[in-house]
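Novice: Here is my input; please provide its structure:
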Amino acid sequence: MPLQLDDLAGLDAPSPDSIPSGEPLQLPVADIDEDPEQPRHEFDANALQELAATIRERGVRQPISVRPHLQASGRWVLNFGARRLRASKLAGLDTIPAFVDTTADRYDQVIENEQREGLKPLELALFVQKRLALGDRQADIARQLGRSRQWVTLATALIEAPDWLLQAYREGRCRGMNELYELRRLHGEHAGAVEAWTARERSITRDRLAALRAELSAKGAPDPSEATRSGSPQQPVRQAESPVGTDEARSPRSTKRIHVEFDGQDYQLVVSVAPEQSGHVYVRPLVGGPRRLAPAASLKLLGFVGS
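Specialist: Below is the predicted model of the structure:
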């Protein structure tokens with residue numbers, strides 16, 4: 001049961017009855033702790049300095065949102081306004097206007113941050129990963145945030161991302177959710193080529209990715225003569241397996257994939273491998289991962305993904 005405003009009487013904080021209706025508190029910035037679970041983790045130092053300069057000139061025009069700190073009497077925990085709080089400290093302010101809100105939850109924090117200054121892809125991925133670990137389904141996450149299922153799927157691109165993808169992200173060469181997702185998807189089919197391409201690209205845009213996708217599609221399956229020269233000529237040539245442990249045959253095919261829901265999560269239907277059990281089909285995560293055998297009747301067809 002969430003803490004109600006009436007419960008604040010026992011805390012070393014102003015009583016709600018003593019606060020003029022509609023007017024914010026003026027709280028000491030030193031008494032406010034940032035929420036360690038807040039979704040925003042990346043802050044641009046230059047942007048904070050610019051905001052601090054504005055605050056010195058005009059003050060904080062919109063109050064932040066706080067709740068009582070239940071483990072430290074007299075202190076507050078920030079709900080919304082990390083950039084304003086940090087900039088106020090840089091500006092040398094002693095107090096900051098604030099409203100008390102004991103009802104805000106993690107989803108509210110994401111929504112508020114997205115409406116002000118969109119969260120970075122890695123921040124969104126960490127949030128989705130935490131919610132999935134807590135048992136939320138992708139459909140639930142999308143509904144709570146007022147987003148599409150496809151948006152949540154794109155946000156998973158950096159969950160347990162490989163080092164080569166994180167390096168491109170951290171170096172600022174690839175920052176878009178669509179681009180990160182597409183890179184990871186292509187990597188599942190053309191691992192070596194995609195890693196080498198990513199390492200040499202200075203800026204990874206949708207146009208550059210479209211060109212890469214067309215190039216990989218034109219090449220199709222590996223040249224058997226190349227495998228013979230570098231491997232064992234007596235052995236049948238096998239096409240490269242996915243780095244995530246799947247062993248579906250890799251052959252030239254459409255980039256469109258059948259999007260299904262299974263156990264509340266987003267999967268793609270695997271059509272290149274015959275199921276081992278009658279009435280079942282294989283599915284695997286959209287961004288790569290081991291395939292699963294699923295009862296066909298339990299799948300919900302959502303459409304197509306890819307381009």
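Novice: For the stretch 1-150 of the chain, just list every one of the strands.
Specialist: Using DSSP state E, counting those that start in this stretch, the strands of the stretch 1-150 of the chain run over 25-28, 32-33, 64-68, 76-80, 95-100.
Novice: outside of the first one, which residues touch it?
Specialist: With CB atoms under 8 Å, 6 or more residues apart in numbering as the contact definition, strand 25-28 has outside contacts at 14, 19, 66, 76, 94-100. Yep, even glycine has a C-beta here, placed from its N, CA and C like the rest.
Novice: buried subset of these?
Specialist: 66, 76, 96-100 (16 or more other CB atoms under 10 Å).
Novice: about what we covered before: out of the contacts of strand 25-28, the closest to R173 would be?
Specialist: Distance to R173, by CB to CB, is smallest for I96 among the contacts of strand 25-28, at 36.6 Å.
Novice: Leaving out the residues flanking it, which one is nearest to the residue positioned nearest the centre of the chain?
Specialist: The residue lying closest to the centre of the chain (CA atoms, centre = their mean) is A125, at 2.1 Å. In space, and not counting its chain neighbours, A125 is closest to L158: 3.8 Å by CB to CB, 6 or more residues apart in numbering.
Novice: burial of that neighbour, as a residue count?
Specialist: Neighbour count of L158, defined by other CB atoms under 10 Å: 25.
Novice: per-residue confidence at it?
Specialist: Looking at L158, its pLDDT reads 82.
Novice: returning to what we had before: so which of the strands of the stretch 1-150 of the chain gets nearest I111?
Specialist: Of all the strands of the stretch 1-150 of the chain, strand 76-80 sits nearest to I111, with 9.7 Å by CB to CB.
Novice: So which bits of stretch 192-202 are buried?
Specialist: Of all the residues in stretch 192-202, those buried under the rule 16+ other CB under 10 Å are 194-195, 197-198, 201.
Novice: To clarify, my last question referred to stretch 110-129.
Specialist: In stretch 110-129, counting by 16+ other CB under 10 Å, buried: 110-114, 119-128.
Novice: So which of these sits lowest on pLDDT?
Specialist: Ranked by pLDDT, the buried residues of stretch 110-129 bottom out at N113 (64).
Novice: So which residues of the stretch 101-250 of the chain form helices?
Specialist: 106-116, 121-133, 138-145, 149-155, 163-170, 177-187, 191-200, 206-219, 224-230 (DSSP state H, counting those that start in this stretch).
Novice: and those helices as a markdown table, adding distance to P275?
Specialist: Below are the helices of the stretch 101-250 of the chain laid out as a markdown table (distance: least, CB to CB, whole Å):
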| stretch | distance to P275 |
| --- | --- |
| helix 106-116 | 37 |
| helix 121-133 | 26 |
| helix 138-145 | 24 |
| helix 149-155 | 24 |
| helix 163-170 | 31 |
| helix 177-187 | 23 |
| helix 191-200 | 26 |
| helix 206-219 | 27 |
| helix 224-230 | 29 |
